[in-house]
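1. sequence and predicted structure below; questions after.
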Amino acid sequence: MNKYQTFHQLHKQDQLFLLPNAWDPLSARILADAGFAAIATTSWGMAQSRGQEDGEQCSFEEFISQLKPIIDAVNIAVSVDIESGYSNDVNTICQHVLAVAKLGAVGINIEDSDKKTAQLRSLEHQVEILKAIKNTLKKYGFSQLFINARTDCYSQNMASLEHVITRSLAYQDAGVDGIFIPGLSDLTAIKQITTTLKVPLNVMAQPLKSDFLCDNSSNSSSLFAHGVQRYTLGNALFDATKAYIFTASSTFNSTKSSDHLF
């Protein structure tokens, strides 16, 4: 199988697809060496490594220049967090997705947030964007690229489950390959969503909420049992790495000793 086929198949296996997130070539290589079949990028980690905050604070050209070495660093499949597409114009977003595909990415995450207003795009506008992306990829020979449609209902405090499902179903009908819902952590809601969807659901790492979660149940086993097929770390690995560097360097500064590093 080629990388596209492998990536699609990873969403259909009889266990949860664990997808860690890289932010530079070194982290990508480490994750590949750790044995992962595929990796994703984290826009949060990439932005922080530039000294910026998340949310398309750089130009798309800068983003592409930062992304290319990550994809080139590994031989495994790479899915790219393209945030909201670095534009609100449909045609511009399509060209940006096409540029990412030409770098060798096998998939993208694309959000329904408007970075200028910090609100959700209208449902109609986001559906138009997703359909246009599908058509553009097909036109240029990248129809196998995995489109993971992210809805930011929870991060925008629009926590109505009905609203989340309405958007998810609309994106599914637009032809996407998967649905990504950051902030989704309640197992009852997760089960309702996975029962409704026909495409894989992606959940991001965070503590789960459920009265039925046993103390000895791992997040991954509980999520898979409730129908989730893809589990990403998001910014968690970057934040843990950043915290370790701060703690280790602070210890070095306060103790004047490097013994804790060996």
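-> Looks like it arrived, so ask away. Since this is a predicted model, take the numbers as computed values, not measurements.

2. alpha carbons only for contacts and neighbour counts from here, please
-> Noted.

3. pLDDT of the helix or strand encompassing Ile39, averaged?
-> Counting by DSSP states H and E, the element that carries Ile39 is strand 38-41. When pLDDT is averaged over strand 38-41, the result is 98.

4. and it, what does it pack onto?
-> Strand 38-41 sits against strand 17-19, strand 21-22, helix 25-33, strand 77-81, with contacts defined as 3 or more CA pairs under 8 Å, 6 or more residues apart in numbering; DSSP states H and E.

5. the same query, at a cut-off of 10 Å, please.
-> Under the contact criterion of 3 or more CA pairs under 10 Å, 6 or more residues apart in numbering; DSSP states H and E, strand 38-41 touches helix 3-10, strand 17-19, strand 21-22, helix 25-33, helix 60-72, strand 77-81, strand 107-111.

6. give the pairing partners of that strand; include direction for each.
-> Here strand 38-41 has these sheet partners by DSSP bridges: strand 21-22 (parallel), strand 77-81 (parallel).

7. ok, residues contacting stretch 131-147?
-> Residues from elsewhere that reach stretch 131-147 (CA atoms under 10 Å, 6 or more residues apart in numbering): 3-5, 7-8, 79-80, 90-91, 93-98, 101-102, 104-110, 126-127, 129-130, 171, 173-180.

8. next one: that stretch to chain centre, how far?
-> Relative to its chain's centre, stretch 131-147 lies at 18 Å (CA atoms, centre = their mean, to the nearest Å).

9. what do you get for stretch 189-198?
-> With CA atoms, centre = their mean, you get 19 Å for stretch 189-198.

10. give me the contacts around that stretch.
-> Residues outside stretch 189-198 that contact it (CA under 10 Å, 6+ apart) are 161-162, 164-165, 168-169, 172-173, 177-179, 181, 184, 187, 200-203, 209-210, 223-229.

11. give me the buried subset of these.
-> Neighbour-count burial (16 or more other CA atoms under 10 Å) applied to the contacts of stretch 189-198 gives 164-165, 168-169, 172, 177-179, 181, 184, 187, 200-203, 223-224, 226-229.

12. would you mind finding the most buried of the helices and strands packed on strand 38-41?
-> Compared across the helices and strands packed on strand 38-41, strand 21-22 shows the largest average neighbour count, a mean of 28 (mean count of other CA atoms under 10 Å).

13. quick one: average pLDDT of that strand?
-> Per-residue scores along strand 21-22 average to 98.

14. who touches it?
-> Applying CA under 10 Å, 6+ apart, the set of residues contacting strand 21-22 is 27-32, 38-46, 70, 78-81, 232-238.

15. can you give me how far it is from the chain middle?
-> Using CA atoms, centre = their mean, the offset of strand 21-22 from its chain centre is 9 Å.

16. ok, Gln155 to Ile181 distance?
-> Careful, residue 155 is Ser and not Gln. Using CA to CA, to the nearest Å, Ser155 is found at 9 Å from Ile181.

17. over to Cys153?
-> Remark: distance between Cys153 and Ile181 (CA to CA) = 8 Å.

18. now stretch 146-159 - C-alpha only, PDB.
-> Taking C-alpha atoms only, stretch 146-159 is exported to PDB below (Å, rounded to 0.1, in the frame of the first residue of the first chain):
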ATOM      1  CA  PHE A 146      -7.300  12.400   4.100                       C
ATOM      2  CA  ILE A 147      -9.500  15.400   5.200                       C
ATOM      3  CA  ASN A 148     -10.100  15.500   8.900                       C
ATOM      4  CA  ALA A 149     -12.700  18.200   9.400                       C
ATOM      5  CA  ARG A 150     -12.300  19.800  12.800                       C
ATOM      6  CA  THR A 151     -15.200  21.600  14.500                       C
ATOM      7  CA  ASP A 152     -14.400  24.000  17.300                       C
ATOM      8  CA  CYS A 153     -17.800  24.100  18.900                       C
ATOM      9  CA  TYR A 154     -16.400  23.200  22.400                       C
ATOM     10  CA  SER A 155     -13.500  25.600  22.200                       C
ATOM     11  CA  GLN A 156     -15.900  28.400  21.200                       C
ATOM     12  CA  ASN A 157     -18.200  27.500  24.100                       C
ATOM     13  CA  MET A 158     -20.900  26.200  21.900                       C
ATOM     14  CA  ALA A 159     -21.200  23.000  23.800                       C
END
